[in-house]
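Undergrad: Requesting a structural model of the entry that follows:
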Amino acid sequence: MSGTCSGTPLPCSGLTTDQCALTSGCTDRGTCAGVATSFGDTCATQLDPRSCALTPGCYWATKCEGTPLATCNAFSAGACLSALGCVWTPALPAVPGGACALVGAPCTSISDCGCGLDCVLPCPGCARMCELRGP
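TA: Just a heads-up that it's a prediction; the model follows:
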């Protein structure tokens, strides 16, 4: 489906641990902090978010750095929405008597979207938004 990608990619510094890991150009230089509650374990020796989270008493302190490589000029909804901060606006025909939400518009239910869009949760910790229905 044709449409337009617009917006500005979110800076690396504002991304969560998971978002940082999925964003090209961003690197998580965070640290494992806290006090390990298991004998023999230390938080400081855990070098990645996963091993840190698996160590009781430890937590990952994200420090996402860099510059996202994505731009908001993609030619498909999937490519556009893969860059956090970009919004896809589909080229949809007008619907008599109805309103169409834009792809990326906030929503709480499918009725907030209309025009063949679903109300989805695009990632953990993200707000629900209108998105194109899958095949």
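Undergrad: Now do the end-to-end distance for stretch 120-128.
TA: Terminal residues of stretch 120-128 are spaced 5 Å apart (CA to CA, to the nearest Å).
Undergrad: What residues sit buried inside it?
TA: Val120, Arg128 (16 or more other CB atoms under 10 Å). For glycine as for every other residue, the C-beta is placed from the backbone atoms N, C-alpha and C.
Undergrad: So for that stretch, mean pLDDT?
TA: Stretch 120-128 carries an average pLDDT of 79.
Undergrad: Could you list the residues in contact with it?
TA: Defining contact as CB atoms under 8 Å, 6 or more residues apart in numbering, one finds that stretch 120-128 is touched by Thr16, Asp18, Gln19, Leu81, Pro106, Cys107, Thr108, Cys119, Met129, Cys130, Glu131.
Undergrad: Narrow these to just the buried residues.
TA: Counted by 16+ other CB under 10 Å, the contacts of stretch 120-128 give Thr16, Gln19, Leu81, Cys107, Cys119, Met129, Cys130, Glu131 as buried.
Undergrad: now, among the residues you listed, which is nearest to Ala61?
TA: Distance to Ala61 across the buried ones among the contacts of stretch 120-128 (CB to CB) is lowest for Thr16, with 11.9 Å.
Undergrad: ok, that closest one to Pro56 distance?
TA: 22 Å (CB to CB, to the nearest Å).
Undergrad: Next: Asp28.
TA: Distance from Asp28 to Pro56, counting by CB to CB: 21 Å.
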